[in-house]
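>>> no FASTA, just this:
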């Protein structure tokens, strides 16, 4: 293409920019993104933390690959760390020791890598919780929620494959547990274990294989998913909290250039700085204390990295034998006996349920509420009591399993019986989520009532008045219109009774949906209407203040 | 109307630096100071790297690691906090409103639908089912070799039967001495006092081709307790020697070493998932997630009084699996 009036840049920077522009069309990119608007809120920061810790992982991980040797060949350690001098270990372990003690800054890089891995999974998890509790997964963002969930699973996979690489005693026992769980898989478990370990456990293949997964396959998939994730964020534009001037059709915030880019870019350095400070002060994974892997010893109080804890805890909670009944069920088939190892398989079910329910939740919620509209405005968690209750139930279920992974440390630390800790956690495994749902929903409903109270009667001014009769009362100040709008501009789902289909038949699933809808939305606090506010102002007298219970209207 | 009117964006409130040039100047100096702090942090990194140098002791390593951490933290936080402070105090803080667009417009959808229809029509795949069906067959079959390619992931070349069978055997056999882990010294029956426990490996383990693989199956715990306290089933009456018993150390749950012996209660505890086995009841599971008892190794003494195995274990050791039976 040629144009009649060719643009001629004057400065050398301009010439470089023009060169790039005429080759790749950078002008269009700047036009699209230069002033793109991003809403600002502290809770949108967790996703950024996740992204930045991943960048730190790539940087520190690349450094480590230059020195790490993923071989399980035997060698005798002869590095700087005296207590292990002359000890037999794998080359992988020895090279990790060398990174720690004989490469300047190598220990620091290992610490940075491990700490940012822990922080990465944590940031992804908290980001998912933010998205869940604010309803950001609703149409049109369901697929991005699924991509996010996939990223969480990939993050755990990246963490575990990396954790196992140094071939130290702690990670070797972790692999031993993985081997045991794999062997429990019906029909194919024995073979998957043999294929994974290249023969019998521990073999000499596993570290090299995990290394490939850890530095190539899993990070490549994470990068791909991050690419899709951010692309969809651009397509959908970011969600925003409800408030004055913010509607479902607009996005209010700061432009990328310069404010948002500066804040987000600066935040990368802040995250890096915090990770560096933690790595400088707090030791993580001191493999020189654990020693090389050996199938015979084990240290008491072993803990996996935090994000594997919930699965390990589920393994601990399951009773293997009840009275004379063993959950290791031997099935007499005509060709011989086979074992269904339910004491190992059943603990994997909660993990499958939790992750499955997480992926499916956008569709579950849509089915119950029949709400298929586009949502770009976020809910405050209190304004969706049913969802908040379900989320808290899930979090509590996760945390009970997570605590169970430290049952021995809880017992020794608080001087209680290990068996009792396990019995309590077994009870909480079933009761915790139910209690969590009820309590969280009640709290959410109460906070909504408090909001109504504030809207109808204003905020407490902190000024006490004495009436001529000698009674005391506190002055209340009406909210300004912006604060008021923030408290009244939410949607509140109502019960949707089962509906008949076109031939007048109410299907069983529709009946179930109606029952769930009733269960979730029967107790409901509606936003204040202008008429209610008018009425409240009408007889706004100190005497009413004392008994303001009638402020909240429930159905 | 039963809902409130949106009052629109609240009026912009200028910051101090927007109205007071001295405040703006102050913010500028603060940002510069933070960037200077970053430079000092980078310098500290070099001090830690070159002045501490190659650490000679664990104390020096710790010092170097801490200094590198502080240096990097200042280098990064100086830049980060500086930029954010700059953005928050000196860059414009007017909120801007942008409209959202439909993810998909109806017009685009119609164009795409027509286009896809034309593309499918041009391939003729609907009119020529022979091509379609044979293609499906070919594409369905083609990836199957990729699955079989993974068969040799097991580097031992074992057949399917051998893969299952080798889990049944350990290197224990008739007459193999019980020796201490890791020193390899044999154990005389008279060395084993009541209440004591030994971590045991088979003699000759370290000469094996894959000592770790063998060790992962063959490690044994040796303990002695009063034979009166033990409930021994008839077929196991000859498996112990004067109350000295040997049990597999590999947990039957998922394979951790059952390393903790509670001498007073005669319980064995696995530190990984707290499976608890009662030594007085042939290591039956009394708590925790394990599904069956620890296998017992039948032992006796040889002519010199050393403890030796009578045979291999009579059942597979370690975590259970589908074919265990």
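That came through, no problem. Since the structure is predicted, the reported quantities are computational estimates derived from the model, not experimental observations.

>>> Any idea which residue of chain B lies closest to chain A?
Residue nearest to chain A within chain B: residue B:69 (1.3 Å; C-beta to the nearest C-beta). Using the backbone N, CA and C atoms, a C-beta is placed for each residue, glycine as well.

>>> Distance check, residue B:239 against residue B:245.
In this structure, residue B:239 and residue B:245 are 7 Å apart, going by C-beta to C-beta, to the nearest Å.

>>> go on, residue B:123?
Between residue B:123 and residue B:245 the distance is 75 Å, computed by C-beta to C-beta.

>>> what's near enough to touch the closest residue to residue B:212 other than its chain neighbours?
The shortest distance from residue B:212 to any residue other than its chain neighbours is 5.5 Å, reached at residue A:202 (C-beta to C-beta, 6 or more residues apart in numbering or on different chains). Remark: with contacts taken as C-beta atoms under 8 Å, 6 or more residues apart in numbering or on different chains, residue A:202 is in contact with A:72, A:172, A:175, A:176, A:293, A:295, B:212, B:213, B:216.

>>> What is the neighbour count of residue 19?
Here I'm looking at chain A. When counting by other C-beta atoms under 10 Å in any protein chain shown, one arrives at 12 neighbours for residue A:19.

>>> Hmm, no, I was thinking of chain B.
As a burial measure, residue B:19 scores 9 neighbours (other C-beta under 10 Å).

>>> Equivalent analysis for residue A:348, please.
Neighbour count of residue A:348, defined by other C-beta under 10 Å: 16.

>>> One more: residue A:289?
The burial count assigned to residue A:289 is 13, neighbours taken as other C-beta under 10 Å.

>>> and it, what helix or strand is that in?
Applying DSSP states H and E as the criterion places residue A:289 in helix A:287-290.

>>> what's that helix packed up against?
Other elements packing on helix A:287-290 under the criterion 3 or more C-beta pairs under 8 Å, 6 or more residues apart in numbering or on different chains; DSSP states H and E are helix A:91-101, helix A:169-183.

>>> if you set the cut-off to 7 Å instead, what comes out?
Using 3 or more C-beta pairs under 7 Å, 6 or more residues apart in numbering or on different chains; DSSP states H and E as the contact criterion, the secondary-structure elements in contact with helix A:287-290 are helix A:91-101.

>>> Quick one: residues in contact with the helix it packs on.
The set of residues that contact helix A:91-101 without belonging to it, under C-beta atoms under 7 Å, 6 or more residues apart in numbering or on different chains, is A:64, A:67-73, A:75, A:77, A:79-81, A:84, A:106-107, A:110, A:165-168, A:207, A:287-288, A:292, B:61.

>>> Give me the buried subset of these.
Under a neighbour-count criterion of 16 or more other C-beta atoms under 10 Å in any protein chain shown, the subset of those counted as buried comprises A:64, A:67-72, A:75, A:77, A:79-81, A:84, A:106-107, A:110, A:165-168, A:207, A:287-288, A:292, B:61.

>>> just the buried members of the contacts of residue A:202?
In those, burial by neighbour count holds for A:72, A:172, A:175, A:176, A:293, A:295, B:212, B:213, B:216, counting by 16+ other C-beta under 10 Å.

>>> Return the member of these nearest to residue B:139.
Within the buried ones among the contacts of residue A:202, the smallest distance to residue B:139 is 37.0 Å, found for residue A:175 (C-beta to C-beta).

>>> is it true that the closest one touches residue A:164?
Yes: counting by C-beta atoms under 7 Å, a contact exists between residue A:175 and residue A:164, whose distance comes to 5.4 Å.

>>> quick one: low-confidence parts of the chain?
In the absence of a named chain, this looks at chain A. For chain A, applying pLDDT under 70 flags the ranges A:1-4, A:539-555.

>>> wrong chain, I was asking about chain B
B:1.

>>> what residues go with each domain of chain A?
What the record gives for chain A is the domain set A:1-33, A:47-242+A:257-300, A:441-552, from automatic domain parsing.

>>> Establish whether the shortest one and chain B are in contact.
The reference is to domain A:1-33. No: for domain A:1-33 and chain B, the contact criterion (C-beta under 7 Å from any C-beta of the partner chain) is not met; the two come no nearer than 11.9 Å.

>>> What residues sit buried inside that domain?
Taking 16+ other C-beta under 10 Å as the neighbour-count basis, domain A:1-33 is seen to contain the buried residues residue A:21.

>>> Neighbours of the residue lying closest to residue A:56 once chain neighbours are set aside, how many?
Counting by C-beta to C-beta, 6+ apart, residue A:56 lies nearest to residue A:116, which is 4.4 Å off, once chain neighbours are set aside. For residue A:116, the tally of surrounding residues (other C-beta under 10 Å) stands at 29.

>>> same thing with residue A:138?
If you count neighbours by other C-beta under 10 Å, residue A:138 ends up with 24.

>>> Provide the secondary structure category for it.
Secondary structure of residue A:138, reduced to three states by DSSP: H, G, I helix; E, B strand; the rest coil: coil.

>>> Show me what the helix or strand harbouring residue A:423 is packed up against.
Taking DSSP H and E as the criterion, residue A:423 maps to helix A:418-457. The contact analysis (3+ C-beta pairs under 7 Å, 6+ apart) places helix A:418-457 against helix A:309-317, helix A:385-404, helix A:407-414, helix A:481-488, helix A:530-538.

>>> Return the residues of the stretch 151-300 of chain B in contact with chain A.
The stretch 151-300 of chain B has residues B:153-156, B:163-164, B:166-167, B:181, B:199, B:212-213, B:215-216, B:219, B:249, B:253-257, B:259-260, B:271-275, B:285, B:287-292 near chain A, with proximity defined as C-beta under 7 Å from any C-beta.

>>> Nearest the geometric middle of chain A, what residue?
In chain A, the C-alpha closest to the average C-alpha coordinate belongs to residue A:125, at a distance of 1.3 Å (C-alpha atoms, centre = their mean).

>>> For it, which non-adjacent residue is spatially closest?
Going by C-beta to C-beta, 6+ apart, residue A:125 has residue A:152 as its nearest residue, at 6.6 Å.

>>> unless I'm mixing things up, that neighbour is touching residue A:126, no?
No: applying C-beta under 7 Å, one finds residue A:152 not in contact with residue A:126, separated by 10.8 Å.

>>> So the residue positioned nearest the centre of chain B, which state does it fall into?
Within chain B, one residue has its C-alpha closest to the average C-alpha position: by C-alpha atoms, centre = their mean, that is residue B:272, at 12.3 Å. Secondary structure assignment for residue B:272 (three-state DSSP): coil.

>>> so how far is residue A:180 from it?
Taken as C-beta to C-beta, the spacing of residue B:272 relative to residue A:180 amounts to 9 Å.

>>> show me where the chain has strands.
Assuming you mean chain A. A:37-38, A:74-76, A:88-90, A:240-241, A:250-255, A:321-322, A:325-326, A:328-333, A:336-341, A:377-378, A:459-466, A:472-477 (DSSP state E).

>>> look at chain B instead
Taking DSSP E, the strands of chain B run over residues B:96-99, B:178-180, B:197-202, B:220-224, B:244-248, B:260-262, B:267-269, B:276-278, B:284-287, B:296-297, B:299-301, B:307-309.

>>> now for the last one, which elements pack on it?
Strand B:307-309 sits against strand B:178-180, strand B:299-301, with contacts defined as 3+ C-beta pairs under 7 Å, 6+ apart.
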